[in-house]
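Enquirer: Give me the fold of what follows.
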Amino acid sequence: KLRLSKKADEAERKKLAQKAIDEPDPDKKVALLSAFAFSDCGFPLPHKILIEYAKSPSDALRDMALNILMDCKSREVHDYAKALLLSGDAPDQAVSMLITNYTPADKPLLLAELYLMKIDYKDTSSWHGTGLQILNAFEKGAKLPHEALEHIYETTLCSHCRADAVREMEKRGWLTPAIIEELPY
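Expert: Model (predicted):
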């Protein structure tokens, strides 16, 4: 996985992706696809394949496809994320897909999902992962709404993420007098 993200060229990534698609054994398919999960190299084939896998009855294949889709940027993934979120039965990964493929028209949906997210110490995977996704998007220059950073500042249980949110707000001139007053404490 590390070699793929650091050294593989487009042809090698396509070859591995095609091998994963052609693999009939679901366990081996998941293992091959795992090279593209949480990776900066991206899935080099059409994302509609991953969307189909995300609908699979196999939990492992579905979860792997959703994890890869979190970092895929395309209109198909954007529309799929919105459909998942609007259905009300969305996996946590759908918010990350929307963040990756954000458009200004998505602001009400994104903010609604952020405000509805349960934040507690028992389950850090959803709220913490989403916070990190938002911070990474801002670091890469994404045009997400300032309310996303404010939400992290106000709700996160992770002091590191909160500090990063303050840094990102400061870079953009979004610190309010109330936040500035709170910072020493």
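Enquirer: Going by C-alpha atoms from here, please, whenever you check contacts or count neighbours.
Expert: OK.
Enquirer: residues contacting the residue nearest to the spatial centre of the chain?
Expert: Taking CA atoms, centre = their mean, the centroid of the chain lies closest to residue 96, which sits 2.7 Å from it. Listed by CA atoms under 8 Å, 6 or more residues apart in numbering, the contact set of residue 96 reads 70, 71, 130, 133.
Enquirer: Helices - which of these land there?
Expert: With helices taken from DSSP state H, the overlap with these comprises 130, 133.
Enquirer: Looking at the contacts of residue 96, state which has the most neighbours.
Expert: Counting neighbours by other CA atoms under 10 Å, residue 71 comes out on top of the contacts of residue 96 with 25 neighbours.
Enquirer: Would you report the backbone torsion angles of it?
Expert: phi -110, psi 10 (degrees, to the nearest 10).
Enquirer: Nearest residue to it in space, please, no chain neighbours.
Expert: residue 100 (6.3 Å; CA to CA, 6 or more residues apart in numbering).
Enquirer: ok, the one you found to residue 118 distance?
Expert: From residue 100 across to residue 118, the span is 21 Å (CA to CA, to the nearest Å).
Enquirer: More neighbours: these two, which one.
Expert: Between residue 100 and residue 118, counting by other CA under 10 Å, residue 100 is the more crowded of the two (24 against 13).
Enquirer: how near is the more buried one to residue 178?
Expert: 30 Å.
Enquirer: show me where pLDDT drops low in the chain?
Expert: Under the criterion pLDDT under 70, the flagged ranges of the chain are 1-2, 5-6, 40-41, 124-125.
Enquirer: in it, which spans are helices?
Expert: Using DSSP H, helices in the chain cover 2-7, 10-22, 26-33, 48-53, 59-69, 75-87, 93-100, 107-116, 124-139, 146-155, 159-172, 177-182.
Enquirer: for residue 175, what are its contacts?
Expert: Residue 175 neighbours (CA under 8 Å, 6+ apart): 166, 169.
Enquirer: Look up how far residue 146 lies from it.
Expert: Distance from residue 175 to residue 146, by CA to CA: 10 Å.
Enquirer: swap in residue 164?
Expert: The value you get for residue 164 to residue 146, if CA to CA is used, is 14 Å.
Enquirer: Likewise for residue 25?
Expert: In terms of CA to CA, residue 25 sits 45 Å off from residue 146.
Enquirer: What count of nearby residues applies to residue 150?
Expert: Using other CA under 10 Å: residue 150 sits among 19 other residues.
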